[in-house]
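# got a sequence here, can you build the structure:
(one chain, ligands or ions: 1)
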Amino acid sequence: MSETYKNFKENGKKIIAVCRNYRGLTAAQGIPNPEKPVLFMKPTSAYISQGQNIKIPIRCKLLYHEVELGVVISKKCTKISPSDADNYIGGFLLALDMTAKDFHNEAKEKSRPWFLCKGFDTSCPVSEFIEKDRIPDYSDVGLWLKVDDVMKQDSRTSDMIFSIPEIISYVSTYFTLESGDVILTGTPAGSGPVYGSQSIECGLADIVSMKFSVVDTN
Ligand code: MG
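Okay, here's the model as predicted:
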């Protein structure tokens, strides 16, 4: 079988992200748990890898970090059931869903789309492809993030509201998923600001970690 999905940065066509998917996060924000997955998209031009910097977008004064487990889709699928979803997982990645929080707040306030606040260049730092067998139980794996060596997010995927199979099934109800497409599964509690010259280090238990510097181009 072709494994071009492993090079998801080059071969994937879309990044679909879920928000408000951790109980700890909705509790901390005092918002109800969503009754169905809440989706948005990032363009694949948002990807960066270790060695590249996260750039605070022009006019953004408040950039937030969100560490997330990403799923790489292995083959084309549509309208699949949760029980069939595992057959379409090619592997995983660790991702940051960087968010221009001031733009985000304004978009929410004025009922405008989230495209800019979530999709700007460098808004999706990612790890290398993670083989499926390196995460034997994706429904209960640790996810952590430090800013300048201070722990800010430290949770487990067992705190998710919608499971990965439920998310894949829901997304595929409305969007055809293709080889190399990525689904970001939401961030746990502790998302917060990061400023120029700070660094973000994050990991998936002790399976994989990555580090990025933040640069203020304003
Ligand atoms: Mg997110």
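
# for the rest of this, base every contact and every neighbour count on C-alpha atoms.
Will do.

# how about the longest helix along the chain: buried residues?
Longest helix in the chain by number of residues (criterion: DSSP state H): helix 164-174. Using 16 or more other CA atoms under 10 Å as the test for burial, helix 164-174 gives 164-172.

# which residues of the chain score low on pLDDT?
Applying pLDDT under 70 to the chain picks out residues 1.

# what residues does it put near the ion?
Neighbours of the ion within the chain, by CA under 5 Å from the ion: 97, 186.

# from residue 164, how far off is the closest residue to residue 39 other than its chain neighbours?
Distance criterion CA to CA, 6 or more residues apart in numbering; nearest residue to residue 39, sequence neighbours excluded, is residue 18 at 4.7 Å. Per CA to CA, to the nearest Å, residue 18 is found 10 Å from residue 164.

# with residue 75 instead?
16 Å.

# nearest residue to the middle of the protein?
Centroid check for the chain by CA atoms, centre = their mean gives residue 184 as the closest residue, at 3.6 Å.

# thinking again about what came up before, so which helix or strand takes in the residue nearest to residue 39?
strand 15-19 (DSSP states H and E).

# after that strand comes which helix or strand?
helix 23-29.

# just the CA atoms of that following helix, as PDB, please.
In PDB, the C-alpha atoms belonging to helix 23-29 read as follows (Å, rounded to 0.1, in the frame of the first residue of the first chain):
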ATOM      1  CA  ARG A  23     -13.600  18.600  29.500                       C
ATOM      2  CA  GLY A  24     -10.900  20.400  31.500                       C
ATOM      3  CA  LEU A  25     -10.800  23.200  29.000                       C
ATOM      4  CA  THR A  26     -14.600  23.800  28.800                       C
ATOM      5  CA  ALA A  27     -14.800  23.600  32.600                       C
ATOM      6  CA  ALA A  28     -12.000  26.200  33.000                       C
ATOM      7  CA  GLN A  29     -13.600  28.500  30.500                       C
END
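
# in it, which residues are buried?
Buried residues in helix 23-29 (16+ other CA under 10 Å): 23-26.

# equivalent analysis for stretch 184-191, please.
184-191.

# quick one: strands adjacent to the strand holding residue 18?
Sheet pairing for strand 15-19, assigned by DSSP bridges, gives strand 38-42 (antiparallel), strand 182-184 (parallel).

# what's the spacing between that strand and its chain's center?
6 Å (CA atoms, centre = their mean, to the nearest Å).

# cool, stretch 88-105 as well?
With CA atoms, centre = their mean, you get 3 Å for stretch 88-105.

# appreciated, that's everything.
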